[in-house]
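Student: Coordinates only, no sequence provided:
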């Protein structure tokens, strides 16, 4: 009897996982970020037509980065503080179909927690304000009104590489109910990824490589032009 119960549990969990995966589809499950990447959109197709009012939450990959706070001194912008962020969400967005108040509350609560984690021991209202304004200016944090018939989430050109998660909530009687979640990835072409790593870790070597490549390209182009 215990074996049968265990098997039924596994089957039900698998059915739940499949249902969760199938509750929505994306226009792209993988976005390639090449040198000319100017941003993109993920169009979301809900498979349940009965969902009329919803909130979509997008969470980007965690990353380490530095942010510099600037201030004006005698008409000149100067660096005033430098913050080092560790393991903090690199992108966060909330999209809503109609319930703006609920979406805004979710957004503000999430930004508060993200900023608190980023600041570690130096968290205060001033840091929270700076943190939120900086990321919204970079379009990495956003609260947006969605087209109910064709919802889509904006991916800015500076979106970090990695795995993204989109979570769907249905609004029923002013309550937010979790429906499902699904992932997509932003990645570079393998060759571009190698060049990017070289450019970051070996700045001088990469500069020399670019100059030599430009000279050689110009040289061979001139040779071809003379032959014609």
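Tutor: Arrived safely, thanks for sending. Every value quoted in this text rests on a predicted model; they were computed, and no experiment measured them.
Student: what bits of this protein have low per-residue confidence?
Tutor: When residues are selected by pLDDT under 70, those of the chain lie in 1-22, 68-83, 189-210, 221, 223-228.
Student: Domain-wise, how is the protein divided?
Tutor: 2-188, 190-228 (automatic domain parsing).
Student: Please identify the most buried of those domains.
Tutor: Ranked by mean neighbour count under mean count of other CB atoms under 10 Å, the domains of the chain are led by domain 2-188, which reaches a mean of 15. Placement of C-beta: from N, CA and C, glycine included.
Student: so how far is that domain off the chain centroid?
Tutor: 6 Å (CA atoms, centre = their mean, to the nearest Å).
Student: List of residues touching stretch 124-143?
Tutor: When contacts are defined by CB atoms under 8 Å, 6 or more residues apart in numbering, stretch 124-143 is touched by residues 60, 67, 69, 83, 90-96, 103-104, 107, 111-112, 114-116, 118-119, 154, 156, 158-159.
Student: out of those residues, which are inside helices?
Tutor: 103-104, 107, 111-112, 114-116, 118-119 (DSSP state H).
Student: Distance-wise, check residue 23 relative to residue 167.
Tutor: According to CB to CB, to the nearest Å, residue 23 stands 11 Å off from residue 167.
Student: Check the contact lists of the two and give me the overlap.
Tutor: The contact sets of residue 23 and residue 167 overlap at residue 180 (CB under 8 Å, 6+ apart).
Student: secondary structure element for residue 219?
Tutor: helix 203-227 (DSSP states H and E).
Student: Likewise for residue 180?
Tutor: Per DSSP H and E: strand 175-187 holds residue 180.
Student: which strands and helices sit next to that strand?
Tutor: helix 2-22, strand 24-26, strand 30-32, strand 162-172 (3 or more CB pairs under 8 Å, 6 or more residues apart in numbering; DSSP states H and E).
Student: mind listing what the second one pairs with, with the direction of each?
Tutor: Here strand 24-26 has these sheet partners by DSSP bridges: strand 40-46 (antiparallel).
Student: now the angle from the partner strand to strand 175-187?
Tutor: 140 degrees (axes from the mean of the first three to the mean of the last three CA atoms, to 10 degrees).
Student: Strand 40-46 to strand 162-172, inter-axis angle?
Tutor: 40 degrees.
Student: Moving C-terminal from the host helix or strand of residue 132, which element do we reach first?
Tutor: Using DSSP H and E, residue 132 maps to helix 125-137. Counting by DSSP H and E, the element after helix 125-137 in chain order, helix or strand, is strand 141-145.
Student: Neighbouring strands of that next one in the sheet, and parallel or not?
Tutor: strand 92-96 (parallel).
Student: what sits up against the strand holding residue 180?
Tutor: With CB under 8 Å, 6+ apart as the criterion, strand 175-187 contacts 19-21, 23-24, 26, 28-33, 42, 48, 51, 54-55, 102, 106, 155, 159-171, 193.
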